[in-house]
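Q: from the sequence below, what's the structure:
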Amino acid sequence: MASRRQPRSRSGTARALKVLLVLAVLAGGTFAARPVWDHFHPEQPDLTVRYRTQTAADADSAQPWLEVFNTSDRAVPLSEVTLRYYFTADGAGAYGYNCVQAAVGCSNLTGTVVAMDTPQEGADHYLELGFTGGAGVLKPGANSEGLEIQLYRTDHRPVRQAGDWSYDASKRTYQKSGRIPAYRGGVLVWGDQPGGAGAGASAAPETRSAPELPDGGLFDDFDYRDAKDPALFRHGWLVRTSEGGPGIDDTWTAKGVTFPADKGALGGQVLNLRAATDGTRAGTGQAALGMKEAKVRTGTYAARIHFTDAPTTGENGDHVNQTFFTIGGSGDKYSELDNEYMPNGGWGALGPKLDTTTWRNAKEGDRVTDKTERSLAGWHTMVMTVDKDSVTYSADGKVLYRSGPEYSPRADMAINFNTWFVDLPFTGDRAWDMKVDWLYYQSGRKLSTKQAEQAAAGFQGDGVGWFDTLPGRS
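A: Predicted coordinates for the structure are as follows:
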């Protein structure tokens, strides 16, 4: 029987062409539908910024309070996040910043005021906020909670916020704000910059390692508005207005504590302590700023201080005392370390002189002391290093005096600065000013003057104007 002929199979090429045609039709439909999909399903940003303010357009300070939400599906280290608040400066005056309160800890918030290379409508400066490594990680859906900050003029005149890019007086409660851009790793992930993405826009933040703060440290470059600044109290300081001595009893006043601008200062401002008098007790005011808590003992105390040999106003001749000291404890646990500069002397001794004194018992007058009999007018880095065997006093790296182990502090102490009159030798108006640029205390470590100065410059260069990593603080 003859074999039956099989029908020819379809061409494989034809089938392939048909499949490609179907895929092309499907793809075309997908691409055409994508804009519609994107419109109703926008990509979720990594971060969302919410903003509120309680200040009017004209105010003593701008107070942009912020929250950062992690709106991604993965954890975000806050050290990778940068925020910007854009504003227009009023005249040529400089601006300062501080943190009043933050759930992540003001110690973990950094801030720098930057002048834009190319001003835009509503902005020629911005406050750039960042976070240290200690700020932690935002889990998916988590909120940083409030970052309560202040932005103010260092000449202490009111700020005018009307028209500022990031200011919105209508947001009295926390609401989303696209006018406060957020960056992650230097990439814009939320909001808009003034000028858009064009050539005139400000450059994105540099990507660099987040600052790591030393444990057991305290640093302050004294960027505050005034003696009533809430950040001053939150940062652990008290302006003295209580009764008592030393000097002219019951004359301590907040009026003598100010924070003027100073271009030569590390953070652009200084603490100024003014003692003023007309020669009478009623016409006298002394000034002091000290820590609220006694919580420092061994380690290094460093401060850059400007002493003066002549009054800012009025006739010279007062027995005035410009002091950087620590004090704490009582009775057989009393501890006090003094740097007392008296340009005109005092207590029967001629000046100028610096008394460096270590106290063991104030009631019994148990102390050891030494005099440096020369002028210290001008800026100096004053350092005290303390361990169980000694207390060493130095100025600009030169050792002035060292006391032995029997006078090493036996109690925790508080750091203080003050300016006061030993007595009132004559009448007439005059005022004396002592300035402090910065303070750095490091627990348990003996730092040289150069190391302390480099550390202070490094903190400020990283945008850290204040931190407290002593136990129990953040």
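
Q: give me the low-pLDDT residue ranges for the protein?
A: In the predicted model, the chain carries pLDDT under 70 at residues 1-44, 197-201, 473-474.

Q: domain-wise, how is it divided?
A: Following automatic domain parsing, one gets these domains for the chain: 47-190, 217-468.

Q: helices along the stretch 301-450 of the chain, start to end?
A: Counting by DSSP state H, counting those that start in this stretch, the segments of the stretch 301-450 of the chain that form helices are 449-461.

Q: residue 51 versus the closest residue to residue 99 other than its chain neighbours, what's the distance?
A: Beyond its immediate neighbours in the sequence, the residue positioned closest to residue 99 (CB to CB, 6 or more residues apart in numbering) is residue 106, lying 3.7 Å away. C-betas here are computed from N, CA, C, even on glycine. Noted for residue 106: a distance of 18 Å to residue 51, by CB to CB, to the nearest Å.

Q: looks like residue 215 contacts residue 469 (just checking).
A: Yes: Residue 215 lies in contact with residue 469 (CB atoms under 8 Å); the separation is 5.3 Å.

Q: returning to that earlier point: what's the closest of the domains of the chain to residue 196?
A: Taking CB to CB as the criterion, residue 196 comes closest to domain 47-190 out of these, the separation being 8.9 Å.

Q: longest strand in this protein, by residue count?
A: Using DSSP state E to define each element, the chain has its longest strand at strand 430-443.

Q: and it, what does it pack onto?
A: For strand 430-443, the elements it packs on are strand 217-220, strand 271-277, strand 299-307, strand 320-328, strand 414-421, helix 449-461, judged by 3 or more CB pairs under 8 Å, 6 or more residues apart in numbering; DSSP states H and E.

Q: each with direction, which strands does the first one pair with?
A: If I follow you right, that is strand 217-220. Taking DSSP bridges as the criterion, strand 217-220 pairs within the sheet with strand 430-443 (antiparallel), strand 466-468 (antiparallel).

Q: and the fifth one, by the same measure?
A: Strand 414-421 has the following strand partners under DSSP bridges: strand 287-291 (antiparallel), strand 320-328 (antiparallel).

Q: among those, which comes closest to residue 452?
A: Distances from residue 452 to each of the strands paired with strand 414-421 were compared using CB to CB; the shortest belongs to strand 320-328, at 13.5 Å.

Q: what angle separates that closest one from strand 299-307?
A: Using axes from the mean of the first three to the mean of the last three CA atoms, to 10 degrees, the inter-axis angle of strand 320-328 relative to strand 299-307 is 160 degrees.

Q: looking only at neighbour counts, state which of residue 215 and residue 469 leads.
A: In this view residue 215 and residue 469 are compared by other CB atoms under 10 Å, and residue 469 has more residues nearby, 20 against 12.

Q: would you turn the strands paired with strand 414-421 into TSV with distance to residue 126 and mean neighbour count?
A: Listed next are these as TSV, based on distance: least, CB to CB, whole Å; neighbours: other CB atoms under 10 Å:
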stretch	distance to residue 126	mean neighbour count
strand 287-291	31	23
strand 320-328	36	23
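
Q: redo those strands as a markdown table? Include distance to residue 449.
A: A markdown table is the format used below for those (distance: least, CB to CB, whole Å):
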| stretch | distance to residue 449 |
| --- | --- |
| strand 287-291 | 22 |
| strand 320-328 | 14 |
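
Q: out of the ones you listed, which gets nearest to residue 367?
A: For these, distance to residue 367 was read as CB to CB. The smallest value, 12.3 Å, belongs to strand 320-328.

Q: got the angle for that closest one vs strand 271-277?
A: Compare the direction of strand 320-328 with that of strand 271-277 by the same axes, to 10 degrees and you get 120 degrees.

Q: export strand 320-328 as PDB, just CAs?
A: As requested, the backbone C-alpha atoms of strand 320-328 are provided in PDB (Å, rounded to 0.1, in the frame of the first residue of the first chain):
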ATOM      1  CA  VAL A 320      37.000  93.900  89.400                       C
ATOM      2  CA  ASN A 321      37.100  90.100  89.200                       C
ATOM      3  CA  GLN A 322      36.700  88.200  85.900                       C
ATOM      4  CA  THR A 323      36.300  84.500  86.800                       C
ATOM      5  CA  PHE A 324      36.200  81.000  85.200                       C
ATOM      6  CA  PHE A 325      35.600  78.500  88.000                       C
ATOM      7  CA  THR A 326      34.000  75.200  89.100                       C
ATOM      8  CA  ILE A 327      32.200  74.600  92.400                       C
ATOM      9  CA  GLY A 328      30.300  71.800  94.200                       C
END
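
Q: that older thread, chain center to the longest strand of the chain: distance?
A: Centroid separation between strand 430-443 and its chain, computed with CA atoms, centre = their mean, to the nearest Å, is 16 Å.

Q: now do the same contact list for residue 409.
A: By CB atoms under 8 Å, 6 or more residues apart in numbering, the contact set of residue 409 is 297-298, 326, 328-329, 335, 337, 386, 391.

Q: repeat the analysis, applying 10 Å as the threshold.
A: Applying CB atoms under 10 Å, 6 or more residues apart in numbering, we find residue 409 in contact with 296-298, 326-329, 333-337, 358-360, 386-388, 391.

Q: try residue 105
A: With contact taken as CB under 10 Å, 6+ apart, residue 105 is in contact with 99, 131-132, 134-136, 467-469, 473-474.

Q: and residue 232, by the same measure?
A: Listed by CB under 10 Å, 6+ apart, the contact partners of residue 232 are 98, 100, 220, 222, 224-226, 238-239, 257, 259, 271, 289, 466.
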